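Q: Provided below are the primary sequence and the corresponding predicted coordinates.
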Amino acid sequence: MNIEIRKANPNDATLIALLGQVTFDDTFGDLFRDRQDVLDYMDRTFSVPKIRSSLQKDNNVFWIAFANELPVGYAKLKKISPLEGDADIKSAQLQKIYVLKDYLALKIGSKLQQEAIREAANSGADILWLSVLHTNNRAIHFYNKHKFVEKGKHHFTIGKEDFEFNIMMLHL
């Protein structure tokens, strides 16, 4: 299978918005009691105009992954994103990294992550951090395997649901 990863541009907004909605729903959809909360969140977070706007910000870098020319995953890096309590440390945030479930075995997530790590380091960051749902054992194992360590926790509310996330970081 031919895998290609490239930096995304505003013309990719529709592909990323669709990948974002599908992968978010696959990952988190079953955790909501009210389906409308999921739909509202996806509409706000993964709309084409919102993604296009995000793609145009200098502080954001997106990559899109293709398998045999089909879009199958993406990642988003926020180049400057201070970690709470560590304002003097230059840190970047891996905000999103998602791959369609049928393509996880191809190690596309690792390739997207490598791009983000390289970009964060080249941007002068000392730390790359992310947050991952505390019950997402597959993702936590993935990040641990790539030398991320747990730094703390935070909560995020979507609709009627409150989620606990692990904050994980990698020293660059």
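A: Cool, the structure landed.

Q: Off-centre distance for stretch 117-136?
A: Centroid separation for stretch 117-136 versus its chain: 10 Å, with CA atoms, centre = their mean, to the nearest Å.

Q: quick one: pLDDT of Gly85?
A: Among the per-residue scores, Gly85 holds a pLDDT of 69.

Q: hey, where'd the strands end up in the protein?
A: Here the chain has its strands, by DSSP state E, at 3-7, 60-67, 70-78, 91-99, 127-133, 149-158, 161-171.

Q: Go through the third one and flag the buried ones.
A: The neighbour-count check on strand 70-78 (16 or more other CB atoms under 10 Å) flags Pro71, Val72, Gly73, Tyr74, Ala75, Lys76, Leu77, Lys78 as buried. All C-beta atoms are positioned from the backbone trio N, CA, C, and that covers glycine.

Q: So for the nearest residue to Val61 once chain neighbours are set aside, what's the pLDDT?
A: Excluding its sequence neighbours, the residue lying closest to Val61 (CB to CB, 6 or more residues apart in numbering) is Leu77, at 4.6 Å. Looking at Leu77, its pLDDT reads 98.

Q: what sits against the nearest residue to Asn59 once chain neighbours are set aside?
A: Spatial nearest neighbour of Asn59, excluding adjacent residues (CB to CB, 6+ apart): Lys79 at 5.2 Å. Contact partners of Lys79, counting by CB atoms under 8 Å, 6 or more residues apart in numbering, are Asn59, Asn60, Val61, Ala92, Glu119, Ala120, Ser123, Ala125.
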